[in-house]
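Asks: sequence first, predicted model second:
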Amino acid sequence: TAAIPISGGIIEYTDRTFGRPLGFFTGWMLLLGNAPLCPWEAIAISTLLTDRFGAFPALAWLRSVKLYTILGADVYLWPTIIALGFAVLVIFLNFKGAGAAAKLSSFLTKALLAGMILAMVISFFVGSPQNGMPLFSQATEVASGDPTKATSFLGGIIAVLVMTPFFYAGFDTIPQQAEEASEGLDWKKFGIIPALALIASGIFYLICIYAFGTMIDWHEFVKSSVPALAVLQRINIFFYIAMLIIATLGPLGPMNSFFGASTRLLLALGRKRMLPESFAKIDQKSGAPKTANLFMAGLTLIGPFLGRNMLVPLTNVASLGFIFACTMAGLACLRLRQTEPKLPRPYKVILLNDDETTMDFVVYILMEIFAKNFNDAVDLMMKVHKQGRAVCGAYPKEIAECKQQAVLQAAKAAGFPLRCEIEED
């Protein structure tokens with residue numbers, strides 16, 4: 001990502017190393033690993049509203065109007081409408097650009113972290129390591145109704161490892177939007193962020209599993225369809241309500257991340273002409289991919305109508321796509337180290353001030369060529385005006401040169417002497 005900081009970079013890696021057919025296939029598999037999770041999160045919100053909030057007598061109206069049954073799951077009007085409202089919020093913020101969407105993710109991450117800390121504190125006071133023993137035994141009473149398939153400790157570990165990649169889906173959204181990173185970002189340090197995030201999340205998951213798994217005997221824990229919430233409901237109703245609210249808001253964060261990643265993948269496929277060129281269009285004001293946003297908006301809004309029993313099929317599809325795409329990305333990176341060991345780091349594209357080019361034209365250039373939203377474009381324009389120069393972005397050499405030529409050609413056509421340089425980062 002630090003060497004090729006463009007939207008949907010994984011497609012570029014595999015295309016560059018294994019050729020266009022595999023790049024095309026990997027792009028679509030990664031899209032399958034991200035896009036279905038937007039409706040997945042919408043279904044999760046609707047399910048929590050129906051099953052958990054609807055169980056409170058004061059909120060029984062949530063289940064008062066049944067729409068239909070699909071795949072054996074009942075779909076109700078009010079949870080569907082509320083879930084659609086949350087989805088519309090995420091869609092609206094993504095149309096405003098990556099900056100607005102990032103603020104939502106930041107807020108939700110803090111809320112989720114607060115909830116997990118609450119669970120850890122409760123576990124410390126009411127839990128016991130003995131509740132997690134024995135480390136393995138075949139569970140016969142589980143929420144799904146079928147006994148677990150694993151019959152040995154090793155089989156249990158393998159069963160968990162099979163589903164583990166799904167819980168790491170989403171970390172690839174960090175580099176998917178690299179092209180819209182803040183000006184002046186240190187790309188040499190950026191490359192380590194996803195790795196550190198993966199390590200930190202692994203530790204976080206282990207702590208969470210221990211905290212919830214030791215509050216009560218784990219054989220009782222697995223009897224509920226939403227065990228973490230069921231445990232808190234048995235311990236303290238106020239803790240349960242607090243965690244339920246956090247759990248209902250929680251899916252907005254992943255929905256937001258997967259929405260942004262999926263639209264950038266569609267943008268990358270459009271740029272490489274693996275999709276119609278309309279998918280390569282960027283909104284001049286927000287910098288967001290317009291057609292890709294519309295496509296993902298439609299897909300996300302379908303979610304609440306599908307019912308809870310679509311969660312598992314969507315999970316299976318996303319897991320398959322995610323595992324394949326990430327495997328190809330890893331192989332592409334390994335091969336790049338052999339075929340292009342001195343792959344140059346990004347080149348900075350710099351605009352220089354002059355006394356004739358108008359401020360409006362500079363703002364236009366920043367929005368049209370560098371996909372900046374209006375506010376960022378104005379800020380950068382003022383930096384060019386006051387400091388004499390400003391970095392507009394960092395790109396691989398070929399892309400940096402193309403953007404430099406696009407600036408110079410546009411300036412010449414408009415009759416302005418605007419200058420543009422590139423420098424190795």
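Replies: Perfect, thanks for sending it. Predicted model only: the values in this text are computed from it and were never measured.

Asks: Y68 is in what secondary structure piece?
Replies: Assigned by DSSP states H and E, Y68 belongs to strand 66-70.

Asks: give me the contacts around that strand.
Replies: Strand 66-70 is touched from outside by D74, V75, Y76, L77, T80, F305, L306, G307, N309, M310, with contacts defined as Cβ atoms under 8 Å, 6 or more residues apart in numbering. For every residue, glycine as well, the C-beta is placed using N, CA and C.

Asks: alpha carbons only: can I get that strand in PDB?
Replies: The C-alpha coordinates for strand 66-70 follow below in PDB (Å, rounded to 0.1, in the frame of the first residue of the first chain):
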ATOM      1  CA  LYS A  66     -45.300  -8.900  10.500                       C
ATOM      2  CA  LEU A  67     -44.500  -8.400   6.800                       C
ATOM      3  CA  TYR A  68     -43.700 -11.900   5.600                       C
ATOM      4  CA  THR A  69     -41.600 -15.000   6.300                       C
ATOM      5  CA  ILE A  70     -38.400 -15.600   4.200                       C
END
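
Asks: any idea which helix or strand comes after it?
Replies: Next in sequence after strand 66-70, counting helices and strands by DSSP H and E, comes strand 73-76.

Asks: just checking, what packs against that following strand?
Replies: Where contact means 3 or more Cβ pairs under 8 Å, 6 or more residues apart in numbering; DSSP states H and E, strand 73-76 is packed against helix 37-51, strand 66-70.

Asks: how deep is P289 tucked in, by neighbour count?
Replies: P289: 31 surrounding residues under other Cβ atoms under 10 Å.

Asks: which residues touch it?
Replies: By Cβ under 8 Å, 6+ apart, P289 lies in contact with S7, T263, R264, L266, L267, G270, F279, A280, K281, I282, D283.

Asks: can you put the helices and strands packed on strand 73-76 in CSV and add mean pLDDT?
Replies: CSV is the format used below for the helices and strands packed on strand 73-76 (pLDDT from 0 to 100):
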stretch, mean pLDDT
helix 37-51, 92
strand 66-70, 94
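
Asks: tell me which of these is the most buried.
Replies: helix 37-51 (a mean of 25; mean count of other Cβ atoms under 10 Å).

Asks: of the contacts of P289, which is the nearest to D354?
Replies: I282 (26.1 Å; Cβ to Cβ).

Asks: mind pulling the model confidence for that closest one?
Replies: If you check I282, the pLDDT there is 75.

Asks: next, give phi and psi for it.
Replies: phi -110, psi 140 (degrees, to the nearest 10).

Asks: who's in contact with it?
Replies: I282 makes contact with L267, A288, P289, K290, A371, according to Cβ under 8 Å, 6+ apart.

Asks: which SSE is the residue nearest the centre of the chain in?
Replies: For the chain, the residue sitting closest to the mean C-alpha position, by Cα atoms, centre = their mean, is S257 at 2.5 Å. Per DSSP H and E: S257 is located in helix 252-271.

Asks: elements contacting the next helix or strand after that helix?
Replies: Downstream of helix 252-271, the first helix or strand assigned by DSSP H and E is helix 290-302. The contact analysis (3+ Cβ pairs under 8 Å, 6+ apart) places helix 290-302 against helix 37-51, helix 77-96, helix 252-271.

Asks: ok, and what's touching helix 290-302?
Replies: Everything outside helix 290-302 that qualifies as a contact, by Cβ under 8 Å, 6+ apart, is 35, 38-39, 42, 84, 87-88, 90-91, 94-95, 255, 259, 262-264, 266-267, 270, 276, 278-279, 281-283.
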